[in-house]
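> Quick one, fold the following:
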Amino acid sequence: MGRNLTGWIAEAISTAGGLGHCPVAPGTAGSAGALAVAWPLVHYFGWKPWYFAVLAAVILLPSIWAAHRTAHDSGTEDPSKVVIDEVIGQWITFAATGPYGWSGWIGAFVLFRIFDIFKPPPVRQAESIPGGAGIIADDVMAGIYGALVLFTVGCFNFK
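Take a look at the predicted model:
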């Protein structure tokens, strides 16, 4: 069965340009892709870390639509190939990196992955939201948790 343009666009967005097709740990691949985009934007184009919270907000609604459409097309509630949620959550965590250099970026990556994998409350509960919103919501919460930890560390000058 052929795929129409709308389905193709939804899959391109929801898989973060194909990262979701990684055969091993696609969620981690999505997070790594978020880092691969973020690092040069900060270091070569002068982006402030908080710009990533804005970027996450800008792509939130198209990502919810794309995740919903891809889930519907695949007949799965939360297909593992949908990794745009990891990109959004990772960027939310990056928003709190501050001037920490590589240690802050690695910390942000690891913190987000921990919160995304273990899903402490209410992260796990966010998955029960139906459709694309539920696919995205748990990673938004995991990103917020990661950002809060980084922000707290920054308040105590643990660099």
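> What segments of the chain are strands?
With DSSP state E as the criterion, the chain has no strands.
> Give me the below-cutoff pLDDT ranges for it.
Within the chain, the stretches with pLDDT under 70 are 1-3, 156-159.
> check contacts around Ser113.
In this structure residue 113 is Arg, not Ser. 27-28, 31 (Cβ atoms under 8 Å, 6 or more residues apart in numbering). Heads up, the C-betas are built off the backbone N, CA and C, glycines and all.
> Against Pro26, how distant is it?
Distance, Arg113 to Pro26, using Cβ to Cβ, to the nearest Å: 13 Å.
> Quick check: neighbours shared by these two?
Residues touching both Arg113 and Pro26 by Cβ under 8 Å, 6+ apart: none at all.
> Any idea how many residues pack against the residue nearest to Val123 when sequence neighbours are not counted?
Counting by Cβ to Cβ, 6 or more residues apart in numbering, Met141 is the residue found nearest to Val123 once chain neighbours are left out, at 4.4 Å. The number of residues packed near Met141 is 23, by other Cβ atoms under 10 Å.
> Met141 and Leu19, how far apart?
With distances taken as Cβ to Cβ, Met141 is found 21 Å from Leu19.
> quick one on the thing from earlier: which of the contacts of Arg113 fall within helices?
Assigned to helices by DSSP state H, the following of these qualify: 27-28, 31.
> can you redo those as a markdown table with neighbour count and distance to Arg124?
Converted to a markdown table, these look like this (neighbours: other Cβ atoms under 10 Å; distance: Cβ to Cβ, whole Å):
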| residue | neighbour count | distance to Arg124 |
| --- | --- | --- |
| Gly27 | 21 | 15 |
| Thr28 | 17 | 19 |
| Ser31 | 27 | 18 |
